[in-house]
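**Q** Quick one, what's the 3D model for this:
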Amino acid sequence: MASTSRDVEISDEAVRGTCDDASLCKRYAVNVGYWKDPYLDYFVRLPKERKAPEISRGYYARVQGVGRLLKAFLQKTECNCQIINLGAGMDTLFWKLKDENLLPIKYFEVDFPSIVTRKIHNIKSKPPLSKPIMESHSGESLLMDAHSLDSSRYAIVGADLRELPKLEEKLKKCNMDPHLPTLLLAECVLIYMTQDHSANLLKWVAGMFQTAMFINYEQVNMSDRFGQIMVENLQSRKCSLVGVDDCRSLDSQKERFLQNGWETANAIDMMKAYNCLPKDDVRRIEALEFLDEKELLEQLMQHYCLCWATKDSSNLDPAMIPTDDILKREIKKRGESARLLLFRRLWNQHLSEYYFMQNECQIATLPFFLETFESSSVICYSVSKCIPEFSAGCPVDHYTVRQECSPLDTLGH
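**A** From the prediction side, this is the model:
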């Protein structure tokens, strides 16, 4: 049975309610000490009820994971870029980036008009929020109405992500630049859109920007019993996960980008992301609250993921596979065969997963690659360029990857 406009409105209202849920959970975690955010309390009150430590650790991994990918993008572009935060809610990233002197050329936020109205009210009425916007503003007077705010460095617009012509019009009115490298953020947003609507959004982004990266934090592995319980719990609150089919697996998360104009896509579940975070800080946050059941934390983390996709990655990040004369001759000789293409994807995905947010890590053996791909001279040469411990004449069982490049050096390939 097709959904009526009344059904859609009820579901939209429930989705808007998830903004408050997320804000309250973050506010609680910040108050306990998981991470610092001096601006969040201007948007949301401290919840009266205690939150489960599994929830707080999950939000910690989410904030740290998204933040590290985002800062790698800012580092790579030297902040000569723009950020568009889709479904931003009460997010405080603009203010934190300003404090760290990491503001892009312009930072945009998009959300439902009713949420934007609340956020603008808080900004207007609280100097610690309005002052940083004014300090970063230059030019003519700042533009503000009930559903939008536009300064030279920060803009927030009320729009529906399913209505792309209106969204594009509003962003361009706030001087969105299609020629700038652009980072898009979406945290638990696409799953509330139908597959057609989210596909249209991803196609629109890929067509709009010459060079872009998309960071998507969202549910994954939703076909198992744990995932079904998550779906049922939200449905009981009239909140339908209409895009859940794209969240079946890490592969389905990546495929949605590759099918809609993006050149590369990678994904890891949040348990892997959590295990890759700096060990000292993980020990610090794990000492904040006693965790009774680690199995529940693992289940929860395995049902959320970070997926990042790139377009025009040759301009965004340097190639892990070298393109000098040796490799060019080898490719010309053999052709860009399916086996070599497969190797390029597997090898760089292998590296990116383990490079993710680590200074140093041990990763698995190379014989699989050497035995599987016939163009071993290309492989050995490529690996030796990235990893000094490995050379073409002396394969080793284990090796160490050291942080000789930023995380983005491997994310796009």
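**Q** pLDDT of whichever strand or helix holds E255, averaged?
**A** Assigned by DSSP states H and E, E255 belongs to helix 250-258. Computed over helix 250-258, the mean pLDDT rounds to 96.
**Q** Tell me which other helices or strands that helix touches.
**A** Helices and strands touching helix 250-258, by 3 or more Cβ pairs under 8 Å, 6 or more residues apart in numbering; DSSP states H and E, are helix 195-208, strand 212-219, strand 264-269, strand 304-311. Using the backbone N, CA and C atoms, a C-beta is placed for each residue, glycine as well.
**Q** Can you show me the CA trace of that helix as CSV?
**A** C-alpha atoms of helix 250-258 as CSV (Å, rounded to 0.1, in the frame of the first residue of the first chain):
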residue,chain,number,x,y,z
LEU,A,250,29.2,-2.9,4.1
ASP,A,251,29.1,-3.9,0.4
SER,A,252,25.6,-2.5,-0.1
GLN,A,253,26.7,0.7,1.6
LYS,A,254,29.6,1.1,-0.8
GLU,A,255,27.6,0.0,-3.9
ARG,A,256,25.0,2.8,-3.5
PHE,A,257,27.8,5.3,-4.1
LEU,A,258,29.5,3.4,-6.9
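**Q** Provide the partner residues of the residue nearest the centre of the chain in its beta bridges.
**A** Nearest to the mean C-alpha position of the chain, by Cα atoms, centre = their mean, lies I215 at 2.5 Å. With DSSP bridges as the criterion, I215 is bridged to L185, W308.
**Q** how near is it to P104?
**A** Remark: distance between I215 and P104 (Cβ to Cβ, to the nearest Å) = 14 Å.
**Q** What of C276?
**A** Applying Cβ to Cβ, the value for C276 to P104 is 25 Å.
**Q** Same question for Y59.
**A** The value you get for Y59 to P104, if Cβ to Cβ is used, is 24 Å.
**Q** which one of these two has more residues nearby?
**A** Neighbour comparison, Y59 and P104: the larger count goes to P104, with 23 against 19 (by other Cβ atoms under 10 Å).
**Q** wouldn't that one be in contact with N85 here?
**A** No: the criterion here is Cβ atoms under 8 Å, and P104 misses it with N85 at 11.0 Å.
**Q** Identify the bridge partners of Q82.
**A** As for beta bridges, Q82 partners with K106, T182 under DSSP bridges.
**Q** wait, what's in contact with it?
**A** With contact set as Cβ atoms under 8 Å, 6 or more residues apart in numbering, Q82 has these partners: 104-108, 176-177, 180-183.
**Q** Check what pLDDT it gets.
**A** pLDDT recorded at Q82 is 98.
**Q** Kindly report the same for S391.
**A** 38.
**Q** Please convert the contacts of Q82 to CSV, extending it with pLDDT.
**A** Below are these laid out as CSV (pLDDT from 0 to 100):
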residue, pLDDT
P104, 97
I105, 97
K106, 98
Y107, 98
F108, 98
M176, 97
D177, 97
L180, 96
P181, 95
T182, 97
L183, 97
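**Q** Any quick PyMOL command for the buried ones out of the residues you listed?
**A** Selection command for PyMOL covering only the buried members of those, criterion 16 or more other Cβ atoms under 10 Å:
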select buried, resi 104+105+106+107+108+176+180+181+182+183
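**Q** quick one: which of the contacts of Q82 is nearest to A146?
**A** Nearest to A146 among those: F108, at 17.8 Å, using Cβ to Cβ.
**Q** name the element the spatially closest residue to the closest one that is not a sequence neighbour belongs to?
**A** Spatial nearest neighbour of F108, excluding adjacent residues (Cβ to Cβ, 6 or more residues apart in numbering): I84 at 4.5 Å. I84 belongs to strand 82-86 when assigned by DSSP H and E.
**Q** residue contacts, the residue nearest to the centre of the chain?
**A** By Cβ under 8 Å, 6+ apart, the residues touching I215 are 66, 69-70, 183-186, 306-308.
**Q** ok so, going back, next, format the contacts of Q82 as CSV and append distance to Q302.
**A** Shown next, in CSV, are the contacts of Q82 (distance: Cβ to Cβ, whole Å):
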residue, distance to Q302
P104, 32
I105, 37
K106, 36
Y107, 32
F108, 32
M176, 36
D177, 38
L180, 36
P181, 32
T182, 31
L183, 26
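**Q** Which of the contacts of Q82 sits closest to D12?
**A** F108 (21.3 Å).
**Q** Could you look up the SS state of the closest one?
**A** strand (DSSP: H, G, I helix; E, B strand; the rest coil).
**Q** Can you verify my assumption that it contacts L86?
**A** No: applying Cβ under 8 Å, one finds F108 not in contact with L86, separated by 9.1 Å.
**Q** Strands along the stretch 101-250 of the chain, start to end?
**A** 106-111, 143-145, 148-150, 154-158, 182-187, 212-219 (DSSP state E, counting those that start in this stretch).
**Q** Lowest average pLDDT across the ones you listed?
**A** Looking at the strands of the stretch 101-250 of the chain, the bottom one is strand 143-145 with a mean of 83.
**Q** on contacts alone, who are the packing partners of the lengthiest helix in the chain?
**A** The single longest helix within the chain, with elements called by DSSP state H, is helix 5-32. Where contact means 3+ Cβ pairs under 8 Å, 6+ apart, helix 5-32 is packed against helix 53-77, helix 113-125.
**Q** Quick check: mean pLDDT of that helix?
**A** Per-residue scores along helix 5-32 average to 82.
**Q** in it, what counts as buried?
**A** For helix 5-32, the neighbour count (16+ other Cβ under 10 Å) marks 11-12, 14-16, 18-19, 22-30, 32 as buried.
**Q** Domain map for the protein?
**A** Domain segmentation of the chain under automatic domain parsing yields 5-316, 325-411.
**Q** ranking the ones you listed by burial, who's on top?
**A** domain 5-316 (a mean of 18; mean count of other Cβ atoms under 10 Å).
**Q** Return the distance of it from the chain's centre.
**A** In terms of Cα atoms, centre = their mean, to the nearest Å, the centre of domain 5-316 is set 7 Å apart from its chain centre.
**Q** 21 is where my numbering starts, stick with that
**A** Renumbered: residue one is now 21, and that last one reads domain 25-336.
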